[in-house]
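Novice: build the 3D model from these lines:
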Amino acid sequence: MNSLHINESPMKTKILLILCLFTSVAQAQFVANNKRVADVYFQNKEYYAAAVYYRKALTPTIDSANFVVPFGFAEKIKEESPKKDEFEYCTYQLAEALRLYKNFGDAEKWYSTATEFTNPKYILSGFWYAETLRSNQKFNDAIAAFNAFLAKYPLKDDYVTKAAQEIASCKFALYELRYPRMYRFDRLKNKANTLGSNYSPTLKGANLYFSSSRPTGGTGKKEVLTGNDAKVVRKETPYLNAVYVTSGNPLSEEVTVKKTAIEGKDRESAAPSFHPNGRVAYVTSWTTQGNKKIYQVNATPDAAREWSEPVELGSQINVRGFNSMQPFVTTDGKYLIFSSDRPGGSGKFDLWYAQILIDGALGTAVNMGSTINTPENDEAPYYNTANKRLLFSSNGRVGMGGLDFFETDGDFSNWSEPRNMGFPFNSSKDDLYFTPLNNDESEALISSDRESICCLEIFVVKKNFLVIQGNLFDCTTLKPLKDAVVTLADSVQQFKFTTDELGKYTFSVNSNRQFKLTADKDKYFSKILNFSYAQMALKDTLFSPELCLTPFEIDKPIVLKNVLYEFNQATLTEDSKEKMDYLYTIMVDNPTIEIELSAHTDSKGSEAYNLDLSERRAKSCVDYLVGKGIAQNRMTSRGYGKTRPIAPNELPNGKDNPEGRALNRRTEFKVTKK
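Specialist: This is a model prediction of the structure:
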């Protein structure tokens, strides 16, 4: 709309005002109609269409292509009632629709406006505004927004819990961005990625199967959508989910894509999984108004169709009134894992599994338990029987945001605590559906909307490795230490290795963040090495060829060499303080041990004098370690004077033995408790 010029005549101004009033009446009707249509689409989860009509209801001209309300119009409509109520309602609903179809960039702008509304029914604007900031990788801003939401939110419900988790996730994301894992990501550059969502890649032989909501090429049939007291007639969206297959190398830029027959009549299908025998497949299928269910299809190589008509699985998998989706057959063909919101779970969508019997029948589904499942959504399982590794996606744990990949180890009876796979494997949006391209899982396909406004795409991810290796020796004998346990850990994961006959250990890791390496063996002091981020980033391989462990026995003294004192005093020399740091390191690396620290003298001087001097010297050693942070209750000091010589103070002929006296003037420690 053009603005009025200052030199316009009064008559022209009146005419324009009359036209504006007329237009305002027409637009009021237009706004009302668009709001009703938008509500119908929203209630039927057609969020893109809903966003279009909420935008039309808010925008004074119908030819605006952007989700932007002119400033003057917005300010004016917010001031007037009932237009103010209409404006606030449509603004909030538009933000909701944009968020629900994953357009977080535009949703952020509208939620930002909605956070200013004082009507309590829009109080969640603050939460969703913070979430869109997080999705848009504005993590510091998101933390501030979540805290602002918590400061004015009056309830103590799940949103409070979720906001606290989101704040933790933002802090986790900031850390991950500083220390990224060693992965390379490339968007699949062929016809597997095209208009619509492209997701759930899986391999069957040399063929890549995947799901896509790409246009079908037709307009479909008319369909009536209803909501409250309104209804709309629309043509069924041409974007329909179906299973597709490529021929040729799935990673090449030139592939042939065709739609498969893995679908039922008037149904959408997605996320196929193939039994290792190649004769059975499972697929998620649904209608517009129905729940998602898992179907079985059988290979029919001698028939016109490659696959039989889908057959709905029984109540052990599909529970009436609930969703079951994303089937996955384990690599040994023994279990079907899937995601479902059926009763008996921990939250929204949980992971479940059912045994696949010898005759192909399925046993009763079992929930995978609270170690795996959260109160939110846990989806898209992948399990490798060979290494007992489960990958799945969840938005119910601390992570980068949206659905993140987690990994855990187990055998269906017991699972380790799931570990977030970090950045860049995970993004601030949704990341799910893992399928490996090789046996060691170092290269794989995943689905992610990290580079898209709204839709999943297929990516190739390749793991890069850093090798950390070395040999472990006995510090006394310099012989290799076999069967020592070497642990390598960073902030979120750890790996263990048992040394061989040569004392060798080797780790291949895909993280270049700071690591802590710990070497342990029975009857030896543990030793810890820390590799800084700078060291990790600069080297392809790290060696520690001279790592050795010191043996010890309970109550057997160990001499601290070259720990000396000022003449005839109990004060440690500066050089001796550095030698005491050897014991300090042992105390830090072995935090459970307790020691007795003792001092000894030669035979010169009276027994009482030497006893007092040795006690003061032993105490000065303990005081030095306490000053460096070692707990007092882990150490005792003891002076033995000249009562425990380890060498003669005199030679057999009665002459003085300086070498023997030097050995007797010593400082020792012994472990009194492991």
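Novice: quick one: mean pLDDT for stretch 308-326?
Specialist: For stretch 308-326, mean pLDDT rounds to 95.
Novice: just the buried positions in it, please.
Specialist: Buried positions in stretch 308-326, judged by neighbour count with 16 or more other Cβ atoms under 10 Å: 308, 310, 313, 317-319, 323-326. Just so you know, the C-beta spots here come from the backbone N, C-alpha and C atoms, and that holds for glycine as well.
Novice: ends of that stretch, how far apart?
Specialist: 19 Å (Cα to Cα, to the nearest Å).
Novice: if we can go back for a sec, in strands only, show me the buried residues of stretch 308-326.
Specialist: 324-326 (DSSP state E).
Novice: about what we covered before: just the closest of the buried residues of stretch 308-326 to residue 46, please.
Specialist: residue 323 (18.3 Å; Cβ to Cβ).
Novice: surely the closest one meets residue 294?
Specialist: No: using Cβ atoms under 8 Å, residue 323 is not in contact with residue 294, being 9.6 Å away.
Novice: nearest to residue 187 among the ones in strands among the buried residues of stretch 308-326?
Specialist: Set against residue 187, the nearest of these by Cβ to Cβ is residue 326 (22.3 Å).
Novice: need the three-state assignment for the residue nearest to residue 404 when sequence neighbours are not counted.
Specialist: Counting by Cβ to Cβ, 6 or more residues apart in numbering, residue 426 is the residue found nearest to residue 404 once chain neighbours are left out, at 4.3 Å. Of the three states, residue 426 takes coil under DSSP: H, G, I helix; E, B strand; the rest coil.
Novice: for residue 426, give me its contacts.
Specialist: Contacts for residue 426 (Cβ atoms under 8 Å, 6 or more residues apart in numbering) come out as 176, 399-400, 404-405, 420.
Novice: and the closest residue to residue 473 other than its chain neighbours, how many neighbours does it have?
Specialist: Nearest residue to residue 473 in three dimensions, chain neighbours excluded: residue 548, at 4.3 Å (Cβ to Cβ, 6+ apart). By other Cβ atoms under 10 Å, 19 other residues sit near residue 548.
Novice: ditto for residue 612
Specialist: Residue neighbour count, defined by other Cβ under 10 Å, stands at 14 for residue 612.
Novice: try residue 156
Specialist: 8.
Novice: which phi and psi does it have?
Specialist: Torsion angles at residue 156 (phi, psi; degrees, to the nearest 10) stand at phi -120, psi 70.
Novice: list the residues that contact it.
Specialist: Applying Cβ under 8 Å, 6+ apart, we find residue 156 in contact with no residue.
Novice: which pLDDT value goes with it?
Specialist: 93.
Novice: for residue 68, same thing?
Specialist: 48.
Novice: for residue 422, same thing?
Specialist: Looking at residue 422, the pLDDT reads 92.
Novice: what about the residue nearest to it when sequence neighbours are not counted, distance to residue 243?
Specialist: Nearest residue to residue 422 in three dimensions, chain neighbours excluded: residue 181, at 4.6 Å (Cβ to Cβ, 6+ apart). Separation of residue 181 from residue 243 (Cβ to Cβ, to the nearest Å): 31 Å.
Novice: let me see the ranges of the strands in the stretch 101-250 of the chain.
Specialist: Using DSSP state E, counting those that start in this stretch, the strands of the stretch 101-250 of the chain run over 183-187, 198-204, 207-212, 222-227, 230-235, 242-247.
Novice: parallel or antiparallel, list what pairs with the helix or strand following the last one.
Specialist: Just to be clear, that refers to strand 242-247. Next helix or strand after strand 242-247 toward the C-terminus (DSSP states H and E): strand 256-259. When sheet partners are counted by DSSP bridges, strand 256-259 sits next to strand 242-247 (antiparallel).
Novice: which residues touch the residue nearest to the spatial centre of the chain?
Specialist: Central residue of the chain (Cα atoms, centre = their mean): residue 420, 3.2 Å from the mean position. With contact taken as Cβ under 8 Å, 6+ apart, residue 420 is in contact with 172, 397-400, 404-406, 426, 492.
Novice: and of the buried residues of stretch 308-326, the nearest to residue 467?
Specialist: Once Cβ to Cβ is applied, the member of the buried residues of stretch 308-326 that ends up nearest residue 467 is residue 326, at 35.7 Å.
Novice: need the contact list for the closest one.
Specialist: Residue 326 makes contacts with 200, 271, 284, 338-339, 379-381, as judged by Cβ under 8 Å, 6+ apart.
Novice: quick one on the thing from earlier: so which strand or helix has the residue nearest to residue 473?
Specialist: Here residue 548 sits within strand 541-549, counting by DSSP H and E.
Novice: neighbouring contacts of the next helix or strand after that strand?
Specialist: Later in the chain than strand 541-549, the nearest helix or strand by DSSP H and E is strand 558-559. Counting by Cβ under 8 Å, 6+ apart, strand 558-559 makes contact with 550, 552, 666-670, all of which sit outside it.
Novice: with stretch 104-120 instead?
Specialist: 67, 74, 88, 91-92, 94-95, 98-99, 122, 125-126, 128-129, 132-133, 135-136, 429, 453.
Novice: can you verify residue 434 is assigned to a helix?
Specialist: No: counting by three-state DSSP, residue 434 is not found in a helix; it is strand.
Novice: now it: how far from residue 506?
Specialist: Taken as Cβ to Cβ, the span from residue 434 to residue 506 is 26 Å.
Novice: one more: residue 549?
Specialist: Distance of residue 549 to residue 506, computed by Cβ to Cβ: 18 Å.
Novice: so for those two, which sits in the more crowded spot?
Specialist: Between residue 549 and residue 506, residue 549 has the larger neighbour count (other Cβ under 10 Å), namely 21 against 12.
Novice: is the closest residue to that one other than its chain neighbours in a bridge, and if so with what?
Specialist: Distances taken as Cβ to Cβ, 6+ apart place residue 524 nearest to residue 549, at 4.0 Å, with adjacent residues excluded. Assessed by DSSP bridges, residue 524 has beta-bridge partners residue 551.
Novice: quick check: residue 524 touching residue 553?
Specialist: No: assessed by Cβ under 8 Å, residue 524 is found out of contact with residue 553, at 10.5 Å.
Novice: when the two are compared, which one has more neighbours?
Specialist: Neighbour count, other Cβ under 10 Å: between residue 524 and residue 553, residue 524 has more, with 20 against 10.
Novice: distance check, the more buried one against residue 504.
Specialist: For residue 524 relative to residue 504 (Cβ to Cβ), the value is 17 Å.
Novice: same check, this time on residue 403
Specialist: Using Cβ to Cβ, residue 403 is found at 40 Å from residue 504.
Novice: how is this structure divided into domains?
Specialist: Using automatic domain parsing, the domains assigned to the chain come out as 10-178, 261-462, 466-549, 558-673.
Novice: wait, which of those domains is closest to residue 190?
Specialist: When the domains of the chain are compared by Cβ to Cβ, domain 261-462 sits nearest residue 190, at 9.3 Å.
Novice: so where do the helices sit in the stretch 101-250 of the chain?
Specialist: Along the stretch 101-250 of the chain, counting by DSSP state H, counting those that start in this stretch, helices occupy 104-114, 125-135, 139-152, 158-178.
Novice: sorry, slip of the keys, the one I care about is the chain.
Specialist: Counting by DSSP state H, the segments of the chain that form helices are 10-43, 47-58, 71-79, 83-100, 104-114, 125-135, 139-152, 158-178, 533-538, 574-589, 607-627, 658-664.
Novice: of those, flag the one that's most buried.
Specialist: Ranked by mean neighbour count, the helices of the chain are led by helix 125-135 with a mean of 25 (mean count of other Cβ atoms under 10 Å).
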